[in-house]
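S.K.: got a predicted structure plus its sequence, pasted below:
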Amino acid sequence: MATGVKANGRSWTAADRLAALRLCPLFAGWPEARLAEVAAIARAEPYRRGAEIFARDPERREAFVIAAGEVEVSRASAAGKKFVLSLQGPHEILAIVRLLAEPPIHYVYTAYEDSVLLHLPCDGLAAILDAAPILWRDIALLMCARHGDSLRQLNNQKLGSLEQRMAATLADLARIHGVAGPAGIELALRLPQEQLGAMLGVTRQSINKLLRGFEAAGLIAVDYNRVTILSPAALDDIAASG
């Protein structure tokens, strides 16, 4: 592998890849020697905003860590209706399910902003895990946590009111992308109403009405495509109600 890969306007050396991997929660407790092995098989690739990650090979068996930027995870119906499952930010690892040999579920991974991803070939990652089987525990715990998130999201979609679902979505985005600002927690990403509509499965008009209601209640502030959370606790209470 080349010692430096041009991504995001600079070279990503093995040391750069190692530093980025250290920030990923999955690898937080890994021994340095094992993490260095992961860095050695990692491949840094830049993606422009809107680029699909596995466009040329939807079944490519690679996981990836977001070294910089954000990634949208979505599915589309046969009729072309898009549903956004999540927006993930720096340091998260995605597509870890591709460690399984079976063909993966075809989520669509798209760069939500200009991004740099560290691709991890699943066969190489599995070999590192097999050499230190205790590390499979971290994979299992991560997958259990994500399964819990999926069940909670499904519950919200099927049983929660639109108000609850909006509150839960904004609260989750604040935890993932929130940056403390003078007025509250600013969501450090573009969040047009069409995007929120795709996340909640409703029209832009419904989103606009709900955002205006939250803003009038003093829960959020909306400035074009930016949202600031003024009362995180109130959003959590709404999300948990009912």
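M.R.: Done, it's in.
S.K.: how distant is stretch 207-226 from the center of its chain?
M.R.: Taking the mean of its C-alpha atoms, stretch 207-226 sits 23 Å from the chain's own mean (CA atoms, centre = their mean, to the nearest Å).
S.K.: tell me which residues of it are tucked away?
M.R.: Going by neighbour count (16 or more other CB atoms under 10 Å), the buried part of stretch 207-226 is 207, 210-211, 214, 219-221. Using the backbone N, CA and C atoms, a C-beta is placed for each residue, glycine as well.
S.K.: where does this structure dip in pLDDT?
M.R.: 1-10, 103-104, 156-159, 242 (pLDDT under 70).
S.K.: where along the chain do the helices fall?
M.R.: 14-22, 32-41, 122-131, 136-159, 162-177, 193-200, 204-216, 232-240 (DSSP state H).
S.K.: possible to save these as a markdown table with distance to Gly89?
M.R.: Below are those laid out as a markdown table (distance: least, CB to CB, whole Å):
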| stretch | distance to Gly89 |
| --- | --- |
| helix 14-22 | 13 |
| helix 32-41 | 20 |
| helix 122-131 | 21 |
| helix 136-159 | 15 |
| helix 162-177 | 5 |
| helix 193-200 | 14 |
| helix 204-216 | 21 |
| helix 232-240 | 17 |
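S.K.: right, so of these, which gets closest to Glu62?
M.R.: Taking CB to CB, helix 122-131 is the member of the helices of the chain nearest to Glu62, at 6.1 Å.
S.K.: run the angle between the closest one and helix 32-41 for me.
M.R.: 170 degrees (axes from the mean of the first three to the mean of the last three CA atoms, to 10 degrees).
S.K.: much appreciated, bye for now.
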